[in-house]
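Asker: Curious how this folds, go ahead:
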Amino acid sequence: MPRLRLVACQLNTVVGDLDGNADRIVRALASAEQTGGDLAVFPELAVTGYPPEDLLSRPGFISDNLAAVDRVVAATGACAAVFGFVDIDQQGRLFNAAALCANGALVGTYHKRLLPNYSVFDEQRWFAPGTEPYSRYVIAGVPVGVSVCEDVWFAAGPVTDQGRAGAKLVVNLNASPYSIGRRDDRLAVLTQRVAESGCAIAYVNQVGGQDELVFDGASLVMGPTGEIAAAAGQFDEETLVVDLDLDGDEPGAGDPGGRVLVSAVSRSAHGSRPSTAPSTATGTIAPVLHPVREVYEALVLGTGDYVRKNGFSDAVIGLSGGIDSSLVAAIAVDALGAEHVHGVAMPSRYSSSGSIDDALSLATKLGIDIQTAPIDKAHRAMAALVGPLIGGEPLGLTDENLQSRIRGVLLMALSNDNGWIVLTTGNKSEMATGYSTLYGDSAGGFAVIKDVPKTLVYELCRDLNRRAGTDVIPDAVLAKPPSAELRPEQRDDESLPPYDVLDPVLAGYVEGDRSAENLIDAGFDPDVVDQVISLVDRAEYKRRQMPPGVRITAKAFGKDRRMPITNHYRSHVDRPAQPLTPATETTAGA
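Answerer: I've put the predicted structure just below:
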């Protein structure tokens with residue numbers, strides 16, 4: 001029985017960095033050669049980075065991508081390589097493609113057949129589906145099929161067809177973004193495809209942050225009986241080596257695409273197996289992260305990559321002594337290093353002494369520098385300037401939002417002067433309901449916890465403290481009621497339902513697309529449902545102006561959810577449909 005040594009190369013590529021990505025592939029391929037690999041597998045669109053979006057509309061980008069492919073092909077030796085790139089045919093159609101090459105030559109090309117066009121994916125905007133007959137490549141004596149991402153997600157699809165056509169291993173190149181629970185979804189799908197096809201599957205995923213998307217890696221090899229034979233870690237670049245003892249090639253098997261001999265004899269010097277031995281696979285299996293820790297690591301990777309890949313070295317954060325800014329600061333320290341994170345406390349006349357102390361305590365525990373810039377003088381000056389324009393002293397939301405915008409101005413001044421990126425601190429509960437100030441606490445370059453509900457913010461902070469063995473996030477921050485502190489004795493639950501009530505309704509309406517009637521039938525209070533839906537619908541214009549942030553749920557604001565701003569549809573139950581009244585801004589604590 002032939003033994004094939006497979007090397008899964010879980011890389012962190014950069015969209016548009018064609019030369020850099022080619023260098024990453026070539027370096028990993030050289031490492032695979034040194035390990036005695038027979039086949040090195042790379043992520044989907046590894047040459048261009050994923051998703052390249054409308055870079056694909058530029059002819060020069062396509063031709064430069066093909067030149068990078070030539071470089072990689074020329075660098076191959078006895079270890080075959082499969083990697084993703086953008087192909088183009090004579091009619092100018094683009095394909096999400098995989099190249100298989102060895103010994104300096106391109107052996108074959110596979111075009112992705114199933115193109116996702118939902119959630120964050122728009123592949124039908126750019127690519128044509130593949131239609132070619134399948135080819136079965138013989139590598140180290142093992143018949144191997146090639147597929148790309150979505151091809152593995154559907155029953156009786158390309159992967160199943162390749163297994164039934166004689167492949168004993170199908171490699172699947174991926175750029176599958178992270179969301180909560182995604183790993184379990186993948187395992188369920190791979191288990192089904194293995195059962196249908198009867199072959200092993202090597203699932204190779206990219207890792208890293210790209211704008212709001214974060215890719216978790218978690219590449220794995222599932223053996224032909226459904227066992228996980230090897231698994232890479234999450235959120236780190238890794239080279240996973242696994243030895244596969246699989247049935248050999250059977251010349252003449254019913255394969256519509258024929259047999260392409262890549263390498264006849266295994267290069268792996270580990271001895272032969274008896275021909276009667278069962279199919280087996282051996283490799284390392286990385287531990288699976290706890291779900292809350294998984295979210296934290298996604299936020300760290302997404303933040304760090306966004307900052308670094310966009311040319312920043314340092315970040316600045318407004319520290320209010322609240323839980324949101326505390327979590328963002330902790331994430332930034334783990335992503336960038338304490339020496340690259342800078343805090344600013346900007347107390348007003350309404351800020352409690354406890355909140356100021358909590359901000360200073362947090363900075364000390366995290367090892368970051370912090371400056372204090374009281375805003376009371378600026379607040380009074382702005383009120384005096386605005387007063388004549390509005391016919392009197394600013395009160396209510398007008399006055400509250402002045403404070404938030406003064407803080408935004410200070411943070412952006414530090415950004416301009418030092419070249420630091422401003423990390424905003426609003427969470428998903430606030431983004432959903434519009435509980436924020438345009439050009440105030442929403443002003444900045446990246447919204448770290450934009451997709452994290454408030455209740456999960458608390459879970460992340462408590463888990464961080466447990467792992468650290470100390471209260472990195474001060475206990476006082478966790479204990480006090482959430483407040484923007486923009487007026488005396490202010491509390492968030494004066495403007496919103498309590499977060500443990502609010503967040504489940506938001507999850508149903510925003511992530512589950514459930515109607516008001518459906519939510520009420522599920523047991524939610526009708527008045528709460530009506531209030532929450534009204535807040536969410538009114539705040540669409542605000543969300544369009546928010547900075548990008550890490551996506552961690554199945555439906556984030558941004559690529560996932562594209563609602564019209566001008567929209568009079570209402571799903572309220574037993575209440576007359578009313579057009580929207582002009583929205584007034586609400587405020588949220590930083």
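Asker: pLDDT wise, what is the residue nearest the centre of the chain at?
Answerer: The centre of the chain sits closest to residue 214, judged by Cα atoms, centre = their mean, with a distance of 2.2 Å. Model confidence at residue 214, expressed as pLDDT, equals 98.
Asker: correct me, but it touches residue 205?
Answerer: No. Residue 214 sits out of contact with residue 205 when judged by Cβ atoms under 8 Å, with a separation of 11.7 Å. C-beta: built from backbone N, CA, C; applies to glycine.
Asker: if we can go back for a sec, how about the residue nearest to the centre of the chain, what does it touch?
Answerer: 177, 178, 208, 235, 298, 299, 301, 302, 305, 550, 551, 552 (Cβ atoms under 8 Å, 6 or more residues apart in numbering).
Asker: Redo the residues you listed as a markdown table? Include secondary structure and pLDDT.
Answerer: Putting the contacts of residue 214 into a markdown table (DSSP: H, G, I helix; E, B strand; the rest coil; pLDDT from 0 to 100) gives the following:
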| residue | secondary structure | pLDDT |
| --- | --- | --- |
| 177 | strand | 96 |
| 178 | coil | 97 |
| 208 | strand | 98 |
| 235 | coil | 97 |
| 298 | helix | 98 |
| 299 | helix | 98 |
| 301 | helix | 98 |
| 302 | helix | 98 |
| 305 | helix | 98 |
| 550 | coil | 97 |
| 551 | coil | 97 |
| 552 | coil | 96 |
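Asker: can you redo those as TSV with neighbour count and distance to residue 152?
Answerer: TSV is the format used below for those (neighbours: other Cβ atoms under 10 Å; distance: Cβ to Cβ, whole Å):
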residue	neighbour count	distance to residue 152
177	25	15
178	27	17
208	27	21
235	24	22
298	27	22
299	28	27
301	26	24
302	31	25
305	22	26
550	28	25
551	26	22
552	26	23
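Asker: so can I have TSV of these showing distance to residue 468?
Answerer: As requested, the contacts of residue 214 are exported to TSV (distance: Cβ to Cβ, whole Å):
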residue	distance to residue 468
177	28
178	23
208	25
235	19
298	19
299	16
301	19
302	21
305	23
550	21
551	26
552	21
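Asker: Please enumerate the strands of the stretch 251-400 of the chain.
Answerer: Along the stretch 251-400 of the chain, the stretches classed as strands by DSSP state E, counting those that start in this stretch are 259-263, 280-283, 315-318, 341-345, 369-372.
Asker: what about the second one, average pLDDT?
Answerer: Yep, that's strand 280-283 we're talking about. The average pLDDT for strand 280-283 rounds to 58.
Asker: cool, the third one as well?
Answerer: Mean per-residue pLDDT for strand 315-318: 98.
Asker: tell me what it is packed against?
Answerer: In this structure, strand 315-318 packs against helix 323-336, strand 341-345, helix 396-418, strand 421-424, with contacts taken as 3 or more Cβ pairs under 8 Å, 6 or more residues apart in numbering; DSSP states H and E.
Asker: measure residue 117 to residue 126 for me?
Answerer: The spacing between residue 117 and residue 126, counted by Cβ to Cβ, to the nearest Å, is 10 Å.
Asker: Cool, thanks, talk later.
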